[in-house]
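Okay, structure incoming, though there's no sequence with it:
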Ligand code: TRP
Ligand code: ZN
């Protein structure tokens, strides 16, 4: 915990390091009640900083310095200065060697940053600034060093000792301890350092590179999980092949390792050659992991593997450039998932997520640009904006340059910057140079926060045969007060004739039509495009594939949206038309609810979904997506002032109406799919995901009827299925149903059967925390007393508290403020245990501007209570103070 007022760090203050570290030699001695870290740093003055020998200022936190020597001369207390976060000393020559020994306490590290223990194993998490909790160092990504690491620990408790790179020696010591030494030939920043010591088993495989050489692949897990590694291993091999084929990127070391740990702040970490994963992103098999979990494992394995090039070989100069590696790598993993599963479904999921959560972040007090220009605590900037919007920015570059031009640009980027720590500008420069284009204006996406609005209007001139589209862009002000200049907005579009066919697109001034779906760049605040040779008034299909992360508006009426749902050649936009239709219908219901009127559902929504259900040629996953009404969280995001109760009532009313009116078709779809599921062994592939996703959403509709035959079908699925996807859906359906006895029985049976599997118990917690039945907070409080729950495990906190505050909106936003008070108490408790998790759980309270005056006051009151609760971590301090500013 800090003792000084937290400092704001600015991008404009960036300076290259005064000193460099050519070699880093580390020896770890691990014990049960402390650990010792001996570091030998081979250093020199950074020639780029000129002559002279300024003081050397090393980062270090929570370290007990035991000894220090400069060029083998032991230093006395007066030869250096220590404060809570630095060690300062005066070098005597351009080149020198610094030796330090420190004592640290991984056994009591609950922040899960630096070296810590998870269960019985030691592991590390150094990104972003965790290495300074391990030893005194220049803990910044532009200091890249060659690491040699020796780990010494008790042989019996910690038979496996791992670090980055290649194993170069190991052996027993006296008194039951043993050692292993690892050497990483690739220079890397300290944030990519990793160490693991534990009683682990591994699954081993190999991958033959394009160039012919083999790589050894190992996934290390606790012994009881050895049967849950195959899916991650298959995903890894697919990822390695894909990066060779699509980006021409080969793996570089002879060994690649993944280790699964139970206590982890995020999804996973791309440490060089030794990725450390949250066990939730590795372990998967049919009986214990859902389809969504299987897909998440595949995507996260790919993401971390892809970082080997986009992040490790080419890394970030400073943390303001985080999206350089994260935005690019998210884009890479999204394309991988699109290629190996269903492209349109992946895009729908990603866009729904972005629009619900990133747009909300961009409209709140923590809004920041993809490349932020200041921060207090960098851990707070591993955000939806840096990751998901950052990925959209890279996607727009590809849209503008085309796939081939983009590949030329990425080849040049990797070639030019291999082994370097670079900036977002360097990435764009490589794209520009490889394609001979100027992306100066485009780069505003990196520096301007906020979600641009794009209002589109049309005009039709029958006599001239011209159709014009006028685009007006604007961007709301954000807390950074940066002036918003026009963005470059790539708009992919088509024009549909009355039969639903795409028209050839010829702009005024062009000799001939250029295709039927094309990308226009909107670069002015207001800009008109005129299409010629248009014989009858067309219907535009705008922003196909969601070609830019903007809020587009066009005055479609409901019949036009139904037409687009049927005919648009762009699958994404067919779904999007359905969403817009649903939004219009739901907003009408919300209005009726607020005025105390009888709710009346527009029958056009029923008939639109009726024809979706009746269309056997549509991909089943698409049918499932189209049946999913916009979430309460999304309806909140698009509201001026969100009325949580009216949103919930309106959406539930619509769902019930749909269930009643479409009952027979829903039941037929359910039975057909359940029949196949019953007779098919589980396969984690797109076609099977699709069948089960439709089966499951349909079952959740059917249960709204409350009919006994649906209860019977749900219980049959719950008892007789062979996989967690069907079982968990059946459980969730029961939990939200009126059948109390069956619900209780199923919950108990499930917990009894899976009590020893923490990841399955996380699901059990989440399903209950998300249930919108009355009394949600009391249920969550009771669940916190369950033996499987602990505040020390981030997965448990996310499963129970995160699901309650993020998904159970009616209960969390209870008018008496009880949900807010509860969350504030949790944040205060977590602040002392794990600041990163505390700060993330706080997010729902930062959205106070979305709610009515009474709720705003309650939410702000809780933020103030947190602010005044005592010694805050920099993580929580930053979010609370910005939320109240
Ligand atoms: N670089 C990690 C990723 O792949 C992010 C990450 C993992 C992280 N653990 C962390 C960031 C802890 C901050 C703190 O996205
Ligand atoms: Zn990442």
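Happy to help now that I have it. None of the values given here were measured: they were computed from a predicted structure. Numbering: from 1, shown residues only. Ligands and ions are numbered 1, 2, ... in the order given.

tell me which element residue 20 is part of?
Applying DSSP states H and E as the criterion places residue 20 in strand 19-30.

Can you point out the buried residues in that strand?
Residues 19, 20, 21, 24, 25, 26, 27, 28, 29, 30 are the ones in strand 19-30 that count as buried (16 or more other C-beta atoms under 10 Å). Where C-beta positions appear, they are placed from N, C-alpha and C, glycine not excepted.

which residues touch it?
Strand 19-30 has contacts (C-beta atoms under 8 Å, 6 or more residues apart in numbering) with 35-46, 56, 91, 106, 115, 122, 135, 137-138, 143, 145-154, 158, 190, 195, 197.

Now a PyMOL select for only the buried ones of those residues.
The PyMOL command for the buried members of the contacts of strand 19-30 (criterion: 16+ other C-beta under 10 Å) is given here:
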select buried, resi 35+36+37+38+39+41+42+43+45+56+91+106+115+122+135+137+138+143+145+146+147+148+149+150+151+152+153+154+158+190+195+197
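
coming back round to it: can you list the buried residues of strand 19-30 in CSV and add distance to ligand 1 and pLDDT?
Shown next, in CSV, are the buried residues of strand 19-30 (distance: C-beta to the nearest ligand atom, whole Å; pLDDT from 0 to 100):
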residue, distance to ligand 1, pLDDT
19, 25, 98
20, 24, 98
21, 21, 99
24, 20, 99
25, 25, 99
26, 20, 99
27, 25, 99
28, 20, 99
29, 25, 98
30, 21, 99
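
Quick check: residue 48 vs residue 54, distance?
Remark: distance between residue 48 and residue 54 (C-beta to C-beta, to the nearest Å) = 13 Å.

meant to ask about residue 175
45 Å.

Who has more neighbours out of those two?
A count of neighbours by other C-beta atoms under 10 Å puts residue 54 above the other of residue 175 and residue 54, at 12 against 7.

Could you look up the SS state of the more buried one?
With DSSP: H, G, I helix; E, B strand; the rest coil as the basis, residue 54 sits in coil.

does it really touch residue 18, like I thought?
Yes: applying C-beta atoms under 8 Å, one finds residue 54 in contact with residue 18, separated by 5.2 Å.

Now do the SS call for residue 495.
Going by three-state DSSP: residue 495 is strand.

mind starting the numbering at 843 from now?
Noted, 843 is the first residue going forward, which turns the last one into residue 1337.

can you pull the contacts of it?
Per C-beta under 8 Å, 6+ apart, neighbours of residue 1337: 1309, 1344, 1345, 1347, 1373, 1376, 1380, 1381, 1382, 1383.

10 Å instead?
1300, 1309, 1311, 1343-1347, 1358-1359, 1373, 1376, 1379-1384 (C-beta atoms under 10 Å, 6 or more residues apart in numbering).

So for stretch 1389-1404, what gets flagged as buried?
By 16+ other C-beta under 10 Å, the buried positions in stretch 1389-1404 come out as 1389, 1390, 1391, 1392, 1393, 1394, 1396, 1398, 1400, 1402, 1403, 1404.

just to revisit the earlier point, what touches both of residue 890 and residue 896?
In contact with both residue 890 and residue 896: residue 860, using C-beta under 10 Å, 6+ apart.

Run a quick neighbour tally on residue 857.
Count around residue 857 with other C-beta under 10 Å applied: 8.

which bits of the protein sit near ligand 2?
The chain comes close to ligand 2 at residues 1168, 1171, as judged by C-beta under 5 Å from the ion.

try 6 Å
For the chain, the contact set with ligand 2 under C-beta under 6 Å from the ion comprises 1145, 1149, 1168, 1171.

Need the three-state assignment for whatever residue of the stretch 1443-1592 of the chain ends up closest to ligand 2.
Per C-beta to the ion, residue 1526 is where the stretch 1443-1592 of the chain lies closest to ligand 2, at 22.9 Å. The three-state label given to residue 1526 by three-state DSSP is coil.

Relative to ligand 1, how far out is it?
According to C-beta to the nearest ligand atom, to the nearest Å, residue 1526 and ligand 1 sit 22 Å apart.

quick one: that residue and residue 1074 touch, right?
No: look at residue 1526 against residue 1074 with C-beta atoms under 10 Å: they stay out of range, at 11.1 Å.

who touches both of those two?
Joint contacts of residue 1526 and residue 1074 (C-beta under 10 Å, 6+ apart) are 1126, 1136, 1139, 1140.

Residues touching the strand or helix carrying residue 1555, excluding its own?
Secondary structure assignment for residue 1555, by DSSP H and E: helix 1550-1562. Contact with helix 1550-1562 is made by 1501, 1505, 1508-1509, 1512-1513, 1516, 1519-1520, 1537-1538, 1541-1547, 1549, 1568-1576, 1579-1581, 1584, 1587-1588, 1591-1592, as judged by C-beta under 10 Å, 6+ apart.

How about the residues of the chain by ligand 1?
Counting by C-beta under 6 Å from any ligand atom, the chain comes close to ligand 1 at 967, 969-970, 1107-1108, 1110-1112, 1145-1146, 1168, 1221, 1224, 1678.

Just the ones of those residues in strands?
Here DSSP state E is the test, and these give 967, 1110, 1111 as lying in strands.

so how far is residue 1715 from the last one?
Spelled out, it's residue 1111. For residue 1111, the distance to residue 1715 (C-beta to C-beta) stands at 20 Å.
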